[in-house]
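In: Quick check, what structure comes out for this input:
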Amino acid sequence: MSFDDARRILTGGDHAATDYFRAKTSDELTGAFKPIVTRSMDEAGVSKKYDDLVGKYKTVPFAGSISFDVNDYVVAAALDGLFYMMAQQEKSIRTNPAARVTDTLKEVFGR
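Out: Sure thing, here's the model as predicted:
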């Protein structure tokens, strides 16, 4: 993180830090989440059910091709939810002094 990044986070909008972390960590988090999601979806039988459904869809005359990966969708949705919650917490910290529960948060955002 550069000093310019830190300045933009400090003086930025309600979710500037969340936006920074999303841009810098999404690829790595996707890589970390994907095997866990894939394993969980396989164990729950979701992947098999989805594959069966796609197989039936492909038998429909004139049906287009499907290039949808259910595991990628779940990973993306999980990360969207994670960053949404982070943004909500960040906004609270920036706008509500009672949400600044550490000395560092009080010092940084109390000005």
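
In: where do the helices sit along this structure?
Out: Ranges of helices in the chain, per DSSP state H, are 3-11, 16-44, 46-58, 70-95, 103-109.

In: Give me the helices and strands touching the shortest one, please.
Out: Looking back up the chat, that one is helix 103-109. Packing partners of helix 103-109 (3 or more CB pairs under 8 Å, 6 or more residues apart in numbering; DSSP states H and E): helix 70-95. The C-beta positions use only the backbone N, C-alpha and C, and glycine is treated the same way.

In: and the helix it packs on with helix 3-11, angle?
Out: Relative orientation of helix 70-95 and helix 3-11, computed by axes from the mean of the first three to the mean of the last three CA atoms, to 10 degrees: 70 degrees.

In: Quick one: list the elements packing against helix 70-95.
Out: Here helix 70-95 touches helix 16-44, helix 46-58, helix 103-109, going by 3+ CB pairs under 8 Å, 6+ apart.

In: most tightly surrounded among those helices?
Out: helix 16-44 (a mean of 14; mean count of other CB atoms under 10 Å).

In: Quick check: chain neighbours aside, which residue is closest to Leu105?
Out: Using CB to CB, 6 or more residues apart in numbering and skipping the chain neighbours, the partner closest in space to Leu105 is Ile93 (5.9 Å).

In: And the most centrally placed residue in the chain, how far from Thr104?
Out: With distances taken as CA atoms, centre = their mean, Leu79 lies nearest the centre of the chain, 1.7 Å away. Per CB to CB, to the nearest Å, Leu79 is found 26 Å from Thr104.

In: picking that back up, hmm, Gly31 and the residue nearest to the centre of the chain touching each other?
Out: No - the criterion here is CB atoms under 8 Å, and Leu79 misses it with Gly31 at 11.2 Å.

In: re earlier: mind giving me TSV with the helices of the chain and columns for mean pLDDT?
Out: Formatted as TSV, those follow (pLDDT from 0 to 100):
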stretch	mean pLDDT
helix 3-11	91
helix 16-44	96
helix 46-58	92
helix 70-95	95
helix 103-109	85
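
In: Alright, I will stop here.
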